[in-house]
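Student: give me a 3D structure for the following:
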Amino acid sequence: MEIDKAVHQITLESIRPTESVIGAEVKIAEIKKIIEKYGWFGEAAIAVQDETDGTIYLLDGHHRLAAAQEFGLTEIPVVIVEFSDLSKFYLYYNSMESVRRAANDVERFR
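Tutor: Numbers count the residues shown, from 1 in each chain. Have a look, this model is predicted:
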């Protein structure tokens, strides 16, 4: 099966992180320097959209999200994958419920 790799511009406020970046200030600062010098870089972030309520959960790209927030950007490029295709991108989650749980466990993203 071919996976739709279309990149969407998603507003930061509509993305639910599934990991915290507390303590990652050095990495975020490095990413900010690259964005400042070259603009947005590299691959789009990866997210999955919950079919039950439409919530977009960020799976990969948390440091880039934090850097974008610090720059005051309003959107970031995101590839939204189907949960059934998730294992091709991200092996950690085995159910949509595990994604929701991870997002709920992020008391503070930054």
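
Student: now stretch 52-72: mean pLDDT?
Tutor: Mean pLDDT, computed over stretch 52-72, is 92.

Student: contacts for it, please.
Tutor: If you take Cβ atoms under 8 Å, 6 or more residues apart in numbering as the criterion, stretch 52-72 is touched by 10, 12, 14-21, 24, 27-28, 31-32, 35-36, 42, 44-50, 76, 78, 80, 86, 89-90, 92-93, 96, 99-100, 102-103, 109-110. Bear in mind the C-beta positions are built from the backbone N, C-alpha and C, glycine included.

Student: next step: the residues you listed restricted to helices.
Tutor: 27-28, 31-32, 35-36, 96, 99-100, 102-103 (DSSP state H).

Student: pull out the buried positions in the longest strand along the chain.
Tutor: Identified as the longest strand of the chain according to DSSP state E is strand 75-81. For strand 75-81, burial by neighbour count (16 or more other Cβ atoms under 10 Å) applies to 76-81.
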